[in-house]
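The following comprises the amino acid sequence and a computationally predicted model.
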Amino acid sequence: MTPYLPSNGTEGEQFHKEFCYRCARAGPENGPGCPIWAKAVCGDQPAEWIEDETGPRCTAFTTTPPATTILECSICGTSSEEIPGRLLAVHVCRSGRPHRWRRARPKKH
């Protein structure tokens, strides 16, 4: 098992089609995307990309979407979902002031 980094654009596109396009970590089409792919595009060697007797692969590849946490605006109460491994978006609500989301507290029965 050795580290893998595509040697050219064609090889990189093939790897991307095989793993990244089908991976649940890639996120929505217009979303922030996979931090592993971003690292590779910047020229860094992702630890998750390896090559062994079966060929190149990403050890983080999954088709199971990550669990989500409900976030809520501390001013207006709007809620959204947080996906682990993604940056939290700054929210601008009716107050007009940008601020970060907070994790929603479980409702008491």
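In hand now; what should we look at? Numbers count the residues shown, from 1 in each chain.

the strands in the chain, which residues?
2-3, 49-52, 55-58, 69-72, 79-82, 90-92, 98-100, 102-103 (DSSP state E).

mind listing the helices in the chain by residue range?
Taking DSSP state H to define them, one finds helices in the chain at 9-18, 35-41.

Which of the ones you listed sits closest to Ala24?
helix 35-41 (12.6 Å; Cβ to Cβ). Glycine gets a C-beta too; all of them are placed from N, C-alpha and C.

if we can go back for a sec, and the helices of the chain, which one is worst for confidence?
Here the helices of the chain differ in mean pLDDT, and the lowest is helix 35-41 at a mean of 83.

Show me which residues of that one are buried.
35-37, 40 (16 or more other Cβ atoms under 10 Å).

Which strands and helices lie in contact with it?
For helix 35-41, there is no helix or strand it packs on, judged by 3 or more Cβ pairs under 8 Å, 6 or more residues apart in numbering; DSSP states H and E.

Swap in 10 Å and give it another go.
Packing contacts for helix 35-41, counted by 3 or more Cβ pairs under 10 Å, 6 or more residues apart in numbering; DSSP states H and E, involve helix 9-18, strand 49-52, strand 55-58.

Need the winner for burial among these.
When the helices and strands packed on helix 35-41 are scored by mean count of other Cβ atoms under 10 Å, the highest mean neighbour count falls to strand 55-58 (a mean of 17).

who does that strand pair up with?
Next to strand 55-58 in the sheet, as set by DSSP bridges, lie strand 49-52 (antiparallel).

which residues of the protein score low on pLDDT?
Confidence mapping of the chain against pLDDT under 70 gives the ranges 27-33, 66-109.

Kindly recompute the last result at 80.
Counting by pLDDT under 80, the chain contains low-confidence residues at 25-34, 65-109.

how does it divide into domains?
2-58, 69-103 (automatic domain parsing).

can you list the buried residues of helix 35-41 in CSV and add distance to Ala47?
CSV is the format used below for the buried residues of helix 35-41 (distance: Cβ to Cβ, whole Å):
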residue, distance to Ala47
Pro35, 12
Ile36, 9
Trp37, 13
Ala40, 11
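
Which of those sits closest to Glu11?
Nearest to Glu11 among those: Ala40, at 11.8 Å, using Cβ to Cβ.
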